[in-house]
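J.: Can you look at this prediction? I've put the sequence above it.
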Amino acid sequence: MRDRVTDPTRIAQLLASEVDGRERGAVGPLSVVDADRDAAPSPGGTRAYDVAAGGTQIATVMLYPDRAAVEGDERLLAAARDRDLPVEDGGATVPDGAAAKRAAAALAERATV
């Protein structure tokens, strides 16, 4: 049995891999931009990178001691809720590596709205 990936930095890396592999119609591919390779989780949250679609920033990925989170507008948060990701304080929690695919799907949906 595989161990569950719960390290916030590793979760953010998995999400970045999912994001960079997605393409969406007229808005073009999702992409990771302005990544901070030295970002480390902190109680107040540390920005790891932004996510852009068609050249426009649509989200920021943050690192907390117990999770990674994707922060964005209400359209993004609604898409995250639809994929059973916990949402609070303007961000969707990505609690483990398996949730990275759902978070990437929410970002892709947001990019098409």
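T.: Thanks, I have the structure now.
J.: Bridged to the residue positioned nearest the centre of the chain, which residues?
T.: Central residue of the chain (C-alpha atoms, centre = their mean): residue 70, 4.2 Å from the mean position. Note on residue 70: beta-bridge partners residue 61, residue 92, judged by DSSP bridges.
J.: residues touching residue 36, list them.
T.: 46-49 (C-beta atoms under 8 Å, 6 or more residues apart in numbering). (Glycine included, C-beta is placed from N, CA and C.)
J.: cool, and residue 46?
T.: Per C-beta under 8 Å, 6+ apart, neighbours of residue 46: 36, 39-40, 62-63.
J.: from those, which two are the most distant?
T.: Farthest apart among the contacts of residue 46 by C-beta to C-beta are 40 and 62. That separation is 11.6 Å.
J.: Those two: which is more packed in?
T.: Legend: neighbour count by other C-beta atoms under 10 Å for residue 40 and residue 62, higher for residue 62 (24 against 11).
J.: distance of the spatially closest residue to the more buried one that is not a sequence neighbour from residue 101?
T.: Distances taken as C-beta to C-beta, 6 or more residues apart in numbering put residue 45 closest to residue 62, at 4.1 Å, once the chain neighbours are dropped. Applying C-beta to C-beta, to the nearest Å, the value for residue 45 to residue 101 is 22 Å.
J.: Next secondary structure after the helix or strand bottoming out on mean pLDDT in the chain?
T.: When the helices and strands of the chain are scored by mean pLDDT, DSSP states H and E, strand 23-24 comes last with a mean of 58. Of the helices and strands lying after strand 23-24 in sequence (DSSP states H and E), the nearest is strand 28-33.
J.: residues in contact with that next one?
T.: The contact list for strand 28-33, computed with C-beta under 8 Å, 6+ apart, reads 16, 19-20, 22-24, 49-55, 57, 104, 107-108, 111.
J.: One more: stretch 106-113?
T.: Contacts for stretch 106-113 (C-beta under 8 Å, 6+ apart): 19, 22, 24-25, 27, 30, 51, 53-54, 58-59, 70, 72-73, 75-76, 79-80, 82-83, 85, 92.
J.: Before I go, just wanted to say thanks for your time.
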